[in-house]
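Asks: Task: produce atomic coordinates for the following.
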Amino acid sequence: MHHGSTYKMVTAVSALQTGNVTVKEKINDTGVYPKGHNPRCWIYDSRHIGHGYLNLTDAIKHSCNYFFFEMGNRIGIENLNRYARQFGLGSKTGIELLGESAGILASPEITKTKGEVWTLGYTLSAAIGQGDNNFTPIQMAKYISILVNKGKQVNPSIVKSVINPDGTEVQKNEIQKEVNKRLGIETNTNQDIEISDENLKAIMAGMKGVTSEAGGTAYGVFRNFNIDIGGKTGSAQTGVNGERTNAWFVGFAPYTNPEIAVACIIENGGTGAIACYPARDVIAQYFGMNASKIEEDITATPNVESDN
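Replies: Below you'll find the model as predicted:
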């Protein structure tokens, strides 16, 4: 699925960690980016002016395309994709389900297979999550989990534990090895991503602004929500004539000590704000269950079927 602006935190991490921008630098969004194919900021089409001067936190809050075009131009596709891969984008997560898609990470190699040469315009599109970039909802949830875990690798799983007939527990890495063998995929060997506290704080503050401050792209949905959360909306073009854009929302909660990451897509939903409503319901349900102390009993004796 194309996912649009939900990708912008990858670009932010890449630009910050490679020293191509600081959390304080402000960039003046004049509406039309003067390089590549001269792409526009989304707000230009409706107001015919850009966002003006924004730092990285504000650029995430307002989902400013111009700022991230400039980031893409500064860092280049190789650096951008290095971080995207570390976030697990464009490869299977290894979740224990058949039929998982690896998705597509926009790259010069893929463009070459189509007989085209990679240009700056492609880099600018990739930096805001457009172009050939095409990821699954589980990959997006994984990427947000890694981000709010300060770059620590997270591997989605639906298996909590496997108990042998003698009552001993099978090691997690043994389970993963067996799962990967059956699914025919390689073990995730990605290293943890180095993200400085200052840089992560700036990115997460932008995601909080999305949901909690006037001007944030999800403020209308979350302004009366009683849990502080961070999020990012995305409106992704499908590339199919007559189809509306896919609506995306990725988020985490609570803001201070995150417990849950959510990715939601509504195909042909239009604006990203539409995808906030089911995400809000999921988060509310999760914390509502916590409040009533419904806990899974992981000490219960498993039923082991035997052949009689």
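Asks: Which secondary structure elements does the top helix by length along the chain sit against?
Replies: Secondary structure of the chain read by DSSP state H shows that its longest helix is helix 65-86. Helices and strands touching helix 65-86, by 3 or more CB pairs under 8 Å, 6 or more residues apart in numbering; DSSP states H and E, are helix 8-17, strand 27-29, helix 56-62, helix 120-127. For every residue, glycine as well, the C-beta is placed using N, CA and C.
Asks: Now do the longest one against helix 65-86, angle only.
Replies: Relative orientation of helix 8-17 with respect to helix 65-86: 90 degrees, computed using axes from the mean of the first three to the mean of the last three CA atoms, to 10 degrees.
Asks: mind checking which of the helices and strands packed on helix 65-86 is nearest Ile104?
Replies: With distances scored as CB to CB, the stretch of these nearest to Ile104 is helix 120-127 (11.0 Å).
Asks: Would you enumerate the residues in contact with Phe69?
Replies: Residues in contact with Phe69, defined by CB atoms under 8 Å, 6 or more residues apart in numbering, are 33, 35-36, 39, 124, 127-128.
Asks: Make a PyMOL selection of whichever of the residues you listed turn out to be buried.
Replies: Command for PyMOL that selects the buried part of those, burial taken from 16 or more other CB atoms under 10 Å:
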select buried, resi 33+36+39+124+127+128
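Asks: and the nearest residue to Asn246 once chain neighbours are set aside, how far is that from Asp281?
Replies: Once its chain neighbours are removed from consideration, Asn246 has its nearest residue in Ala236; the separation is 4.6 Å (CB to CB, 6 or more residues apart in numbering). Applying CB to CB, to the nearest Å, one obtains 22 Å for the distance of Ala236 from Asp281.
Asks: part of a helix, is Asp252?
Replies: In this structure residue 252 is Phe, not Asp. No. Assessed by DSSP: H, G, I helix; E, B strand; the rest coil, Phe252 does not belong to a helix; its assignment is strand.
Asks: Quick check, it in contact with Ile144.
Replies: Yes. The criterion here is CB atoms under 8 Å, and Phe252 meets it with Ile144 at 5.8 Å.
Asks: Quick check: neighbours shared by the two?
Replies: 261-262.
Asks: Run through the neighbouring helices and strands of the helix or strand harbouring Val282.
Replies: Using DSSP states H and E, Val282 sits within helix 276-291. Using 3+ CB pairs under 8 Å, 6+ apart as the contact definition, the elements that helix 276-291 packs against are helix 219-222, strand 230-236, strand 246-253, strand 260-266.
Asks: what's that helix in contact with?
Replies: Contacts of helix 276-291 with the rest of the structure, by CB under 8 Å, 6+ apart, involve 218, 221-222, 225, 227, 229, 231, 233, 249, 251, 253-254, 259-260, 262, 264, 266.
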